[in-house]
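Novice: I need the structure of the sequence given here:
(one chain, ligands or ions: 2)
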Amino acid sequence: MESRLKREKDADGESVVDPTSTVGGGVEDVYGEDRASEDLLVTPWTVSVASGYTLLRDPHHNKGLAFTERERDSHYLRGLLPPAVSTQELQVKKLMQSIRSYDVPLHKYVAMMELQERNERLFYKLLIDNVEELLPVVYTPTVGEACQKYGSIFKRPQGLYISLKEKGKILEVLKNWPERSIQVIVVTDGERILGLGDLGCQGMGIPVGKLALYSALGGVRPSACLPVTIDVGTNNQKLLDDEFYIGLRQKRATGKEYYDLLEEFMSAVKQNYGEKVLVQFEDFANHNAFELLAKYKTSHLVFNDDIQGTASVVLAGLVASLKLLGGSLADHTFLFFGAGEAGTGIAELIALEISTKTNIPLEEARKKIWLVDSKGLIVSSRKESLQHFKKPWAHDHKPLSTLLDAVKVIKPSVLIGTSGVGKTFTKDVVEAMAAINERPLIMALSNPTSQAECTAEQAYTWTEGRAIFSSGSPFDPYEYNGKSFIPGQANNAYIFPGLGFGLVISGAIRVHDEMLLAASEALASEVTQEHYEKGMIYPPLANIRKISAHIAANVAGKAYELGLATRLPRPADLVKYAESCMYTPIYRSYI
Ligand SMILES: O=C([O-])CC(=O)C(=O)O
Ligand SMILES: [Mg+2]
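Specialist: Ligands and ions are numbered 1, 2, ... in the order given. Alright, predicted model coming up:
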């Protein structure tokens with residue numbers, strides 16, 4: 001048996017091998033090349049690969065039928081596999097055929113999750129090579145349904161569960177996770193999963209899905225990703241009454257009890273992984289999301305995807321749309337339906353961009369932006385009863401109680417839905433937009449598809465094909481009057497993988513708003529003339545890895561400029577550097 005294995009590109013970091021697993025052979029060393037980020041470059045590294053039966057059951061190293069004859073000999077695999085030897089490409093072809101044979105999206109999702117647990121590299125190869133087809137399977141909209149049914153579809157838990165039971169022991173719990181070198185954590189408390197509300201502990205599907213995208217779209221090594229769900233209970237009575245519910249069976253803890261647990265988690269994370277680990281807050285309810293971000297953004301490397309990631313992707317679409325609409329951002333009027341994390345986050349980033357580009361004071365720039373919440377247009381006469389994050393948007397105006405009234409009176413050129421409530425861009429509303437604007441820009445951002453404010457078909461037909469339409473969840477191209485319209489997917493999936501990767505490769509220690517602007521700019525610059533001609537304001541997702549490398553480079557560049565990067569010296573060509581650091585799922589040779 002050979003004990004030294006070939007040096008490889010795209011090394012995958014340490015892997016913990018069960019020392020008792022001696023079935024069919026021993027444990028071997030694999031040597032790898034330079035690893036992605038600075039902290040991983042410090043020491044030469046080795047990975048251990050088990051042999052025989054254990055190797056086939058290790059998802060990080062299993063290759064299934066793609067083990068070569070020589071590998072089968074040297075790794076005690078003879079007889080454990082059928083005789084045929086496959087290539088990774090043939091495996092991809094076979095699995096895509098099998099996934100396409102399922103009619104029910106959730107069955108496709110389960111097939112993908114089972115593949116991830118069986119053969120990680122094949123899972124990522126499939127996802128990367130078929131990103132437009134498989135994103136709706138592992139991500140919105142299907143991941144929403146998967147979370148709703150999480151308890152019954154999972155045989156093996158994924159990610160790390162930290163509940164109130166672990167209070168006082170969170171550091172120990174982190175040490176139970178098999179990987180030690182973590183670069184990105186996505187954490188939720190499950191209280192606002194997409195637009196589906198409180199799904200408690202079953203929200204775990206979201207951090208798992210987001211991190212799969214970190215590796216497939218952004219290039220962060222899978223073993224450096226940690227999905228976390230904080231379980232402080234749920235206020236979803238249906239779940240509490242369900243005998244199979246997998247989470248804590250109690251109402252949500254709030255106030256000090258909640259914030260103490262989050263504080264313990266955040267300090268344990270820093271203590272265990274250092275200050276360069278990125279924590280992405282995901283799908284927290286409004287009442288905690290803003291406060292957690294404000295509390296930790298000055299002491300930890302954190303961002304909130306729903307506030308900041310969504311803002312960055314929408315801003316990119318708006319900047320790109322100016323090529324179709326003309327004028328500058330400051331020439332437009334923006335109306336939001338929904339004044340939570342996404343609505344106010346996007347609004348603030350638009351105002352910041354206008355103010356940065358034109359020297360208009362931020363306060364003035366905000367006046368171009370109006371928000372409607374469940375009580376109607378947010379106006380200054382309502383100021384006292386407003387939550388703090390809505391206050392900057394309370395302009396002087398008479399109260400208007402409906403969205404339709406607001407559209408007719410405010411006359412926006414851009415209408416953005418971030419309410420989490422489906423079907424709220426009614427025919428009247430969309431027609432009112434079309435009456436005011438030659439090319440109304442309509443974004444129906446709420447997820448999953450069931451919560452979209454309107455469909456692509458509605459946006460195009462109700463505006464007689466004049467709308468520029470984007471949505472949070474994907475819609476198919478739509479044919480209207482013999483013309484094909486391609487809706488954009490204004491989803492933070494365009495941004496967070498590249499943003500996070502840029503932070504990781506520069507060794508950034510804080511997230512700054514200017515990095516979000518840099519990410520937006522990079523994304524908007526990927527929209528070409530050819531896309532504009534098709535009415536597109538986002539580039540195709542098929543090119544997302546190249547796009548992510550550009551976003552990462554722009555974000556890293558900003559981190560260096562702001563003195564927030566610790567990976568020194570700064571690489572001369574950041575795009576090349578980002579590309580060279582990206583995880584690729586090509587099989588490694590074990591000979
Ligand atoms: O997960 C998505 O598709 C986008 C997102 O962050 C949300 O809707 O909360
Ligand atoms: Mg989210």
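Novice: please make it C-alpha for all contacts and neighbour counts, starting now.
Specialist: Noted.
Novice: all strands of the stretch 201-350 of the chain, in order?
Specialist: All strands of the stretch 201-350 of the chain, identified by DSSP state E, counting those that start in this stretch, fall at 225-231, 278-281, 302-304, 334-337.
Novice: so the residue of the stretch 151-300 of the chain found nearest ligand 1 versus residue 396, what's the distance?
Specialist: Scanning the stretch 151-300 of the chain for the residue nearest ligand 1 gives residue 194, at 4.0 Å (criterion: C-alpha to the nearest ligand atom). Residue 194 sits 32 Å away from residue 396, going by C-alpha to C-alpha, to the nearest Å.
Novice: now residue 353
Specialist: 23 Å.
Novice: same check, this time on residue 378
Specialist: Distance from residue 378 to residue 396, by C-alpha to C-alpha: 9 Å.
Novice: compare the two and say which is more crowded by neighbours.
Specialist: Of the pair residue 378 and residue 396, residue 378 is the one with more neighbours under other C-alpha atoms under 10 Å, namely 27 against 12.
Novice: residues contacting the more buried one?
Specialist: Counting by C-alpha atoms under 8 Å, 6 or more residues apart in numbering, residue 378 touches 370, 371, 372, 390, 393, 394, 395, 399.
Novice: pLDDT score for it?
Specialist: If you check residue 378, the pLDDT there is 98.
Novice: what's the closest non-adjacent residue to it?
Specialist: Of all residues not flanking residue 378 in the chain, residue 394 sits nearest, at 5.2 Å (C-alpha to C-alpha, 6 or more residues apart in numbering).
Novice: show me where this protein dips below the pLDDT cut-off.
Specialist: Residue ranges of the chain with pLDDT under 70: 1-48.
Novice: which parts of it sit against ligand 2?
Specialist: When proximity is defined by C-alpha under 5 Å from the ion, the chain lies next to ligand 2 at 283, 306.
Novice: turn the strands of the stretch 201-350 of the chain into a markdown table, including distance to residue 560 and mean neighbour count.
Specialist: Output for the strands of the stretch 201-350 of the chain, formatted as a markdown table (distance: least, C-alpha to C-alpha, whole Å; neighbours: other C-alpha atoms under 10 Å):
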| stretch | distance to residue 560 | mean neighbour count |
| --- | --- | --- |
| strand 225-231 | 24 | 25 |
| strand 278-281 | 17 | 25 |
| strand 302-304 | 17 | 26 |
| strand 334-337 | 33 | 26 |
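Novice: adding distance to residue 434, write the ones you listed out as CSV.
Specialist: Shown next, in CSV, are the strands of the stretch 201-350 of the chain (distance: least, C-alpha to C-alpha, whole Å):
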stretch, distance to residue 434
strand 225-231, 43
strand 278-281, 37
strand 302-304, 33
strand 334-337, 14
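Novice: once you drop chain neighbours, what's closest to residue 349?
Specialist: Distance criterion C-alpha to C-alpha, 6+ apart; nearest residue to residue 349, sequence neighbours excluded, is residue 311 at 6.2 Å.
Novice: ok, now how distant is that neighbour from residue 377?
Specialist: Here the criterion is C-alpha to C-alpha. By it, residue 311 lies 21 Å from residue 377.
Novice: cool, and residue 247?
Specialist: Distance from residue 247 to residue 377, by C-alpha to C-alpha: 38 Å.
Novice: between these two, who's got more neighbours?
Specialist: residue 377 (28 against 20).
Novice: can you report how many residues lie near residue 529?
Specialist: The tally of other residues near residue 529 (other C-alpha under 10 Å) stands at 11.
Novice: for residue 237, same thing?
Specialist: 12.
Novice: and if you look at residue 70?
Specialist: 12.
Novice: swap in residue 178?
Specialist: For residue 178, using other C-alpha under 10 Å, the count is 12.
Novice: ok so it is a helix residue?
Specialist: No. Counting by DSSP: H, G, I helix; E, B strand; the rest coil, one finds residue 178 to be coil, located in no helix.
Novice: measure it to residue 120 for me?
Specialist: As judged by C-alpha to C-alpha, residue 178 and residue 120 stand 15 Å apart.
Novice: same deal with residue 151?
Specialist: 23 Å.
Novice: of those two, give the one with the bigger neighbour count.
Specialist: Remark: of residue 151 and residue 120, residue 120 carries more neighbours, 21 against 18, as counted by other C-alpha under 10 Å.
Novice: verify the contact between that one and residue 64 for me.
Specialist: No. With contact defined as C-alpha atoms under 8 Å, residue 120 does not count as touching residue 64 (10.9 Å).
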